[in-house]
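> Dropping a prediction and its sequence here:
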Amino acid sequence: MSDDLFPQTTPAIAARRKQLAPDIHDAFAAFSERVFAAGALSSKAKQLIAVAVAHVTQCPYCIRGHTKAALRQGATEQEVMEAIWVAAEMRAGGAYAHSAIALDTMDQVTHKQAG
């Protein structure tokens, strides 16, 4: 990953974000803390979900941050990798499922041409 394309996060960047919109920053931080707190799902499970979602959304910062957080919450490297495979299957599954749109379109076009 190129440092020019995705610069490393730093305390200075975090401070600037907060400086530019402190109330929103604090609200987001509180929201994030609450979302990842243990509830019906453990914090570890939530972080593994976040790892999977980060791969689907392709956010390099989220991948790095939530992978670290999942490991801190006790996830094993195998659990992290399985979460990534779940994401990969879901992404591929979306393409498979949406092929119904192409098939339907082909049927419509073919039937219009034949009729």
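In hand now; what should we look at?

> Nearest spatial neighbour of the residue most central in space within the chain, chain-adjacent residues omitted?
Closest to where the C-alpha atoms of the chain average out (C-alpha atoms, centre = their mean) is residue 54, at 2.1 Å. Among residues not flanking residue 54 along the chain, residue 62 sits closest, at 3.6 Å (C-beta to C-beta, 6 or more residues apart in numbering). Backbone N, C-alpha and C define where each C-beta goes, glycine included.

> tell me the SS of that neighbour?
Under DSSP: H, G, I helix; E, B strand; the rest coil, residue 62 falls in the helix class.

> Going by secondary structure, the residue nearest to residue 18 when sequence neighbours are not counted is in what exactly?
Spatial nearest neighbour of residue 18, chain neighbours left out: residue 25 (4.3 Å); criterion: C-beta to C-beta, 6+ apart. Taking DSSP states H and E as the definition, residue 25 sits inside helix 22-35.
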